[in-house]
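Peer 1: Sequence and predicted structure, then a few things I'm wondering about:
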2 protein chains.
Amino acid sequence: VRRLVEDEMLERIRRALGGGIEPNGLRDDAAVVGVPGGGSLVVSIDSVVAGVHVDLTLCSPADVGWKALMGAVSDLAAMGARPVGALVALCVPPATGEGELTLGVMEGVAEASRQSGCAVVGGDLSAGGVLTVVVTVMGTVDGGRAVERAGAVPGDAVFVTGPCGGSAAGLRVLRGRHERGQDETGRDETGQERSLAAAYRRPEARLAEGEVARRAGAHAMIDISDGLALDLHRLADASGVGFALDTIPVAEGATLEEALGGGEDYELIVAIDPRQVDNYIMRCTSAGLRPPLQIGVIRADTGARYLGGEELGRLGWQHAIG
Amino acid sequence: VRRLVEDEMLERIRRALGGGIEPNGLRDDAAVVGVPGGGSLVVSIDSVVAGVHVDLTLCSPADVGWKALMGAVSDLAAMGARPVGALVALCVPPATGEGELTLGVMEGVAEASRQSGCAVVGGDLSAGGVLTVVVTVMGTVDGGRAVERAGAVPGDAVFVTGPCGGSAAGLRVLRGRHERGQDETGRDETGQERSLAAAYRRPEARLAEGEVARRAGAHAMIDISDGLALDLHRLADASGVGFALDTIPVAEGATLEEALGGGEDYELIVAIDPRQVDNYIMRCTSAGLRPPLQIGVIRADTGARYLGGEELGRLGWQHAIG
């Protein structure tokens, strides 16, 4: 049996099911649905499974709750949307300490909810085989148009909202400390280790950055959840274009490989008309945001996927499906 | 460590977390949120975990997908809402046949989606420890008011939209056949066995029934997901009232115990002003629905919880949390 990777499986589900499943829902970061009253809502669902997306020996239950909510909120950021609310389903393995685990996860969910301004409006609690947190988020673009993956056109400037690889480097640092049996409380951590660990445990969705890019007329956006390279390939696939990158901003303490293939940084990739670039950067500055970093340009040839003249692989995280 | 049941745990989460978590979201079948454009949306999230909520030796993957979507849609029915759309997160254990399992579940999701008129607008696919399907549903009451659990008042007539216990009886029949090693294809099933098995494997949300009850002015509603007795106790708890039942409609082939304590029938319990009863029944008939069955009345004394003069326990399904 040939194993399919996630993107291929989604394509197969779309083809096999047709009616009853909206084709766009499984493709973009989030779907846009018409709602009563004539408005529209940006909606997305996202899962965090212990042992698959997160390692419970390196994260507290509250970190897991935080990462689950922020990961979903990041899908709103990638559409240029503002949060309206979230629903959280928590499946906890039945065992001693299950109550504390449940409360710990929900504490992290509540912290991320306050930080992102995304209220938790509903939830479901259930026994499960492994700790699983599924979050649905709803957002709004205030009557504007949500920014999809598919809008990039040849000549667009490609930006990233910040340096990448911090989360992957944090995971590496935490794994190293754990394997060496170092102080679990992290009291002997260096400042850089601490900030990389925080990048892994407490990432933040770029909501303000996404909204500014949308208002500046961004053609296409995606959040870096699985790796800068893989997520940029996805944006290019959806848009039917290629790209040529000349530089990759690497987070302090991270490697170039981590910046390209490490997920969960939640920085945004933005494709925008080159004539809008000055306006875009000015809007970022006025909003008090870090200036976005141009990493390359969009090319017409969909097969052209380059970094510094070399072909760039689909580096990043996908699970195989058999 | 004392083990808490689900309802107590939800209460503890609400108390512990406060800010950032909307208190109603974890209490009612669904939450009502204001959306862009001035309208409101009824939203709910629900989980189905293999081995906890569903037995994969008795159900096909498509049955699991169907049950997951219908169970969530039933929360909309219980508020008197019409579906707007659903989001589906699927966690599948990584193993050989995972691709077929994924497609099978999504096929059942698509069938239930067509049957209920609830389009799947988005999804997420992930590896997981055990098969887990989490469904978020969104619905509308067309500018009306969603019917909550908390509105029952003394003197209200209590109705149920149909006979109960069919799903629990179906589970019993399927378990019996499985234990006796009987034909898995069900070719030797009697007609009654077949219809009870279908009640378990392919339950249907009472969307039309919920909408008619809302338009007829129902004070309070809940769907029977965990047992007629337990869910009626929840409605009474939320409303601060008691009840006196005089009859329980039992599905053909089911026992009284299955009708009281068996979940997943998805019939609705409706509390309504006695002066509206004729109007309510007439509306059901005009809509081509089965006539609802009166089972008792709401009492002012919150401690009064009777069936035929005897105290009625909280029969039904809750998982314990340690």
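Peer 2: In hand now; what should we look at?

Peer 1: Could you use CA atoms for every contact and neighbour count after this?
Peer 2: Fine.

Peer 1: Sticking with the residue in the stretch 101-250 of chain A positioned nearest to chain B, tell me its helix or strand.
Peer 2: Distance from chain B to each residue of the stretch 101-250 of chain A (C-alpha to the nearest C-alpha) is smallest for A:G122, at 3.7 Å. Counting by DSSP states H and E, the secondary-structure element that holds A:G122 is strand A:120-127.

Peer 1: May I have the helix or strand that that strand is followed by exported as PDB, CA atoms only?
Peer 2: Using DSSP H and E, the next helix or strand after strand A:120-127 towards the C-terminus is strand A:132-140. Below are the C-alpha coordinates for strand A:132-140, written out as PDB (Å, rounded to 0.1, in the frame of the first residue of the first chain):
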ATOM      1  CA  THR A 132      -6.700  15.600  21.700                       C
ATOM      2  CA  VAL A 133      -7.800  19.300  21.500                       C
ATOM      3  CA  VAL A 134      -9.900  20.300  18.600                       C
ATOM      4  CA  VAL A 135     -10.600  24.000  18.200                       C
ATOM      5  CA  THR A 136     -13.000  25.700  15.800                       C
ATOM      6  CA  VAL A 137     -12.600  29.400  15.300                       C
ATOM      7  CA  MET A 138     -14.900  32.000  13.700                       C
ATOM      8  CA  GLY A 139     -13.800  35.400  12.500                       C
ATOM      9  CA  THR A 140     -14.800  38.400  10.500                       C
END
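
Peer 1: wait, isn't A:A220 in contact with A:A146?
Peer 2: No: here A:A220 lies out of contact with A:A146, judged by C-alpha atoms under 8 Å, at a distance of 9.4 Å.

Peer 1: returning to what we had before: and the strand holding A:G122, what does it pack against?
Peer 2: Under the contact criterion of 3 or more C-alpha pairs under 8 Å, 6 or more residues apart in numbering or on different chains; DSSP states H and E, strand A:120-127 touches strand A:82-92, strand B:31-34, strand B:40-49.

Peer 1: hey, which of the ones you listed is tucked in deepest?
Peer 2: strand B:40-49 (a mean of 27; mean count of other C-alpha atoms under 10 Å in any protein chain shown).

Peer 1: what about that one, average pLDDT?
Peer 2: Averaging the model's pLDDT scores along strand B:40-49 yields 93.

Peer 1: Report the rounded mean pLDDT for the next helix or strand after it.
Peer 2: Per DSSP H and E, strand B:40-49 leads on to helix B:61-77 as the next helix or strand towards the C-terminus. Along helix B:61-77, the predicted local confidence has a mean pLDDT of 97.

Peer 1: and A:R82, what does it touch?
Peer 2: With contacts defined as C-alpha atoms under 8 Å, 6 or more residues apart in numbering or on different chains, the neighbours of A:R82 are A:76, A:139-141, A:207, A:211.

Peer 1: what about 10 Å?
Peer 2: Applying C-alpha atoms under 10 Å, 6 or more residues apart in numbering or on different chains, one finds that A:R82 lies in contact with A:42, A:73, A:76, A:116-118, A:138-142, A:207-208, A:210-211.

Peer 1: do the same with A:C59
Peer 2: Contacts for A:C59 were tallied using C-alpha under 10 Å, 6+ apart; they are A:50, A:67, A:171, A:174, A:197, A:200-202.

Peer 1: again with A:D237
Peer 2: A:D237 makes contact with A:149-150, A:152, A:231, A:302-303, according to C-alpha under 10 Å, 6+ apart.

Peer 1: Mind checking which of those are buried?
Peer 2: Neighbour-count burial (16 or more other C-alpha atoms under 10 Å in any protein chain shown) is assigned, among these, to A:149-150, A:152, A:231, A:302.

Peer 1: Please enumerate the helices of the stretch 101-250 of chain A.
Peer 2: Along the stretch 101-250 of chain A, the segments classed as helices by DSSP state H, counting those that start in this stretch run A:166-179, A:191-201, A:207-215, A:228-239.

Peer 1: Roughly how far does A:E258 sit from chain B?
Peer 2: Computed as C-alpha to the nearest C-alpha, to the nearest Å, the A:E258 to chain B distance reads 22 Å.

Peer 1: ok, for A:A271, nearest residue in space, not its chain neighbours?
Peer 2: Using C-alpha to C-alpha, 6 or more residues apart in numbering or on different chains and skipping the chain neighbours, the partner closest in space to A:A271 is A:V158 (4.6 Å).

Peer 1: and that neighbour, how many neighbours does it have?
Peer 2: Using other C-alpha atoms under 10 Å in any protein chain shown, the number of residues around A:V158 comes to 27.

Peer 1: What residues are bridge-paired with it?
Peer 2: As for beta bridges, A:V158 partners with A:A271, A:G296 under DSSP bridges.

Peer 1: Contact partners for it?
Peer 2: Applying C-alpha under 10 Å, 6+ apart, the residues contacting A:V158 are A:152, A:218, A:220-221, A:232, A:243-245, A:269-274, A:277, A:292-298.

Peer 1: Hmm, A:G313 is touching A:D231, no?
Peer 2: No: applying C-alpha atoms under 10 Å as the test, A:G313 and A:D231 come out as separate, 11.2 Å apart.

Peer 1: what residues are shared contacts of these two?
Peer 2: In the contact map built from C-alpha under 10 Å, 6+ apart, the residues linked to both A:G313 and A:D231 are A:260-261.

Peer 1: one step back: need the helices and strands packed on strand A:120-127 in TSV with distance to B:A62, can you?
Peer 2: Written out in TSV, the entries for the helices and strands packed on strand A:120-127 read as follows (distance: least, C-alpha to C-alpha, whole Å):
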stretch	distance to B:A62
strand A:82-92	21
strand B:31-34	28
strand B:40-49	13
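
Peer 1: B:A287: which of those strands is closest?
Peer 2: With distances scored as C-alpha to C-alpha, the stretch of the helices and strands packed on strand A:120-127 nearest to B:A287 is strand B:40-49 (23.0 Å).

Peer 1: Determine if any part of the closest one is in contact with chain A.
Peer 2: Yes: if you take C-alpha under 10 Å from any C-alpha of the partner chain as the test, strand B:40-49 does meet chain A, through B:40-41, B:43-49.

Peer 1: Can you tell me which helices and strands that strand packs against?
Peer 2: In this structure, strand B:40-49 packs against strand A:82-92, strand A:120-127, strand A:132-140, strand B:31-34, helix B:61-77, strand B:82-92, strand B:132-140, with contacts taken as 3 or more C-alpha pairs under 10 Å, 6 or more residues apart in numbering or on different chains; DSSP states H and E.

Peer 1: Out of those, which gets nearest to A:G309?
Peer 2: A:G309 sits nearest to strand A:82-92 of all the helices and strands packed on strand B:40-49, at 37.3 Å, using C-alpha to C-alpha.

Peer 1: now that closest one: mean pLDDT?
Peer 2: pLDDT averaged over strand A:82-92 gives 94.

Peer 1: Report the strands that pair with it, each with its relative direction.
Peer 2: Here the strand partners of strand A:82-92, with direction, are listed using DSSP bridges: strand A:120-127 (parallel), strand A:132-140 (antiparallel).

Peer 1: Turn the helices of the stretch 101-250 of chain A into TSV, columns for mean pLDDT and distance to A:G128.
Peer 2: TSV is the format used below for the helices of the stretch 101-250 of chain A (pLDDT from 0 to 100; distance: least, C-alpha to C-alpha, whole Å):
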stretch	mean pLDDT	distance to A:G128
helix A:166-179	94	26
helix A:191-201	94	23
helix A:207-215	98	32
helix A:228-239	96	30
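
Peer 1: A:P83 is nearest to which of these?
Peer 2: With C-alpha to C-alpha as the measure, helix A:207-215 is the member of these nearest A:P83 (8.5 Å).

Peer 1: Take that closest one, keep the C-alpha atoms, and write them as PDB.
Peer 2: Coordinates of each C-alpha in helix A:207-215 appear next as PDB, following Å, rounded to 0.1, in the frame of the first residue of the first chain:
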ATOM      1  CA  LEU A 207      -3.700  38.700  13.800                       C
ATOM      2  CA  ALA A 208      -2.700  42.400  13.500                       C
ATOM      3  CA  GLU A 209      -0.200  41.600  10.800                       C
ATOM      4  CA  GLY A 210      -2.800  39.700   8.800                       C
ATOM      5  CA  GLU A 211      -5.400  42.400   9.100                       C
ATOM      6  CA  VAL A 212      -2.900  45.100   8.000                       C
ATOM      7  CA  ALA A 213      -1.800  43.000   5.000                       C
ATOM      8  CA  ARG A 214      -5.400  42.500   4.000                       C
ATOM      9  CA  ARG A 215      -6.200  46.200   4.200                       C
END
